[in-house]
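In: Sharing a model prediction with you, sequence too.
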Amino acid sequence: MGIHSGVRIPASTSNLGPGFDCLGCALEVYLEVRVEAGEDRHRVVASGVDCERMPQGDENLILRVLNRVAERRGQSVGPQRLLVRNEVPLARGLGSSATAILAGVSCYELVTGDHLSVEEIIDYGWEFEPHADNLSASLLGGLTVAVTSSGSSNPGFLRLAIPEGLTPVLVIPDFEVETRMAREVLPDSYSRSDLVFNIQRAAQLVGALTTGRWEYLAEGMKDRVHQPYRTGLVPGLEQVLALKADGLYGIALSGAGPTVLALTDPARSGDVGQRVADLFGKHGVSVKVQVSRIDIMGRTFLD
């Protein structure tokens, strides 16, 4: 069997505190998929993080997306064998669904040679995950702003550059939080003061990230829209979000959680990660601390 090629998709963190359902940032944690012509049926061969939980047949999300994009574009793809190497933990707030969706779209492109525009890719991904913050970050890299267009189901998005000098630290608890459950705990309405609070912090956060003014991140990553309501899902989260430590610029729940994102001074990233881990430990939560970097490439095709 001849390998067509492959694709690498970065994980992402979303919300970053006040940017609920609109801010995303790509991380150097990857899902890699290589495609081979199959024999008589689709099959997934997976290795890496949570590989034992990945379906091997047509129910696999990557294959579902591949087949759906082919259907929508009137193409036939034939049986494919996908070799998957995963670094992105599932259901931990690091955009694992978005990486799989983008991998499915990308595998369609690899198999058919039908190259899609960024807008088409987001549109096909939107069918499977109607939250474009993770999708846009993993596709484009860097910091992204994704907004549902007025009067349309299709999102608009911007990619913004973050200067060097910032190290993301991921503190990943050893349990999962389903996005559905994390959304169910949110209220149906908010006070004007809470909304103004979040608008101000989100604006401050984007300004700080794009200009390198890290001293504004601590305040800019505060939130009143989703994090206060999710503290019951993640033991110790309230104390973690209140942490002050040397080298810690700002801290937030990553996506729906339970992973926590700390933006740090590169020289102190390990110390900050340990401080967060110790706080979780006091609440009986075991964690993995992973020092990462911001991915600036986004989706990358592999030879």
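Out: Ah, there it is.

In: CA atoms for contacts and neighbours, from now on please.
Out: Noted.

In: how many neighbours does residue 42 have?
Out: Residue 42: 18 surrounding residues under other C-alpha atoms under 10 Å.

In: residues in contact with it?
Out: Applying C-alpha atoms under 8 Å, 6 or more residues apart in numbering to residue 42 gives the contacts 57-58, 63, 79-82.

In: which phi and psi does it have?
Out: The phi/psi pair for residue 42 (degrees, to the nearest 10) reads phi -70, psi 150.

In: need the contacts of residue 42 in TSV with secondary structure, can you?
Out: Below are the contacts of residue 42 laid out as TSV (DSSP: H, G, I helix; E, B strand; the rest coil):
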residue	secondary structure
57	coil
58	coil
63	helix
79	coil
80	strand
81	strand
82	strand
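
In: In PyMOL, how would I select just the buried ones from those residues?
Out: Listed next is the PyMOL selection for buried residues among the contacts of residue 42, using 16 or more other C-alpha atoms under 10 Å:
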select buried, resi 57+58+63+80+81+82
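
In: from the contacts of residue 42, which single one is nearest residue 224?
Out: Checking the contacts of residue 42 against residue 224 with C-alpha to C-alpha, the nearest one is residue 63 at 37.7 Å.

In: In terms of helices and strands, where is the residue lying closest to that closest one once chain neighbours are set aside?
Out: Distances taken as C-alpha to C-alpha, 6 or more residues apart in numbering put residue 104 closest to residue 63, at 6.0 Å, once the chain neighbours are dropped. Element membership of residue 104 [criterion: DSSP states H and E] is helix 96-112.

In: Pull the residues that contact that helix.
Out: Here helix 96-112 makes contact (C-alpha under 8 Å, 6+ apart) with 4-11, 31-33, 35, 61-67, 69-70, 75, 77, 88-90, 114-116, 121, 124-125, 128-129, 134-135, 138-139.

In: How about it, which residues are buried there?
Out: By 16+ other C-alpha under 10 Å, the buried positions in helix 96-112 come out as 96-111.

In: Taking helix 96-112 as reference, get the angle to the next helix or strand after that helix.
Out: Tracing the chain C-terminally past helix 96-112 and defining elements by DSSP H and E, one meets helix 118-128 next. For helix 118-128 against helix 96-112, the angle by axes from the mean of the first three to the mean of the last three C-alpha atoms, to 10 degrees is 130 degrees.

In: ok, and for helix 118-128, which residues are buried?
Out: For helix 118-128, by 16+ other C-alpha under 10 Å, it's 121-126.

In: what mean pLDDT does the next helix or strand after that helix have?
Out: Counting by DSSP H and E, the element after helix 118-128 in chain order, helix or strand, is helix 132-140. Mean pLDDT, helix 132-140: 95.

In: again with stretch 98-113
Out: For stretch 98-113, the mean confidence score works out to 96.

In: and what of stretch 224-243?
Out: 97.

In: Going along the chain, name the helices of this structure.
Out: In the chain, the helices defined using DSSP state H lie at 61-72, 96-112, 118-128, 132-140, 179-184, 192-211, 217-220, 227-230, 237-241, 269-282.

In: Give me the buried stretch members for stretch 43-61, please.
Out: By neighbour count on 16+ other C-alpha under 10 Å, the buried set for stretch 43-61 is 43-46, 51, 54-58, 60-61.

In: Next step: the residues you listed restricted to strands.
Out: Taking DSSP state E, the ones among the buried residues of stretch 43-61 that sit in strands are 43-46.

In: From the contacts of helix 96-112, list the buried ones, please.
Out: Among the contacts of helix 96-112, those classed as buried by 16+ other C-alpha under 10 Å are 6-11, 31-33, 35, 61-67, 69-70, 77, 88-90, 121, 124-125, 129, 134-135, 138-139.

In: Residue 15 is in contact with residue 134, correct?
Out: No. Using C-alpha atoms under 8 Å, residue 134 is not in contact with residue 15, being 9.2 Å away.

In: shared neighbours of those two, which are they?
Out: residue 24.

In: Check whether residue 260 really touches residue 231, as I assumed.
Out: No. If you go by C-alpha under 8 Å, residue 260 and residue 231 don't touch, sitting 11.7 Å apart.

In: Neighbour count for these two, which is higher?
Out: Set residue 260 next to residue 231 and count neighbours by other C-alpha under 10 Å: residue 260 wins out with 30 against 19.

In: Find the nearest non-adjacent residue to the more buried one, please.
Out: Leaving aside its sequence neighbours, residue 260 sits nearest to residue 253 (C-alpha to C-alpha, 6+ apart; 4.5 Å).

In: ok, so what distance separates that neighbour from residue 38?
Out: Per C-alpha to C-alpha, to the nearest Å, residue 253 is found 40 Å from residue 38.
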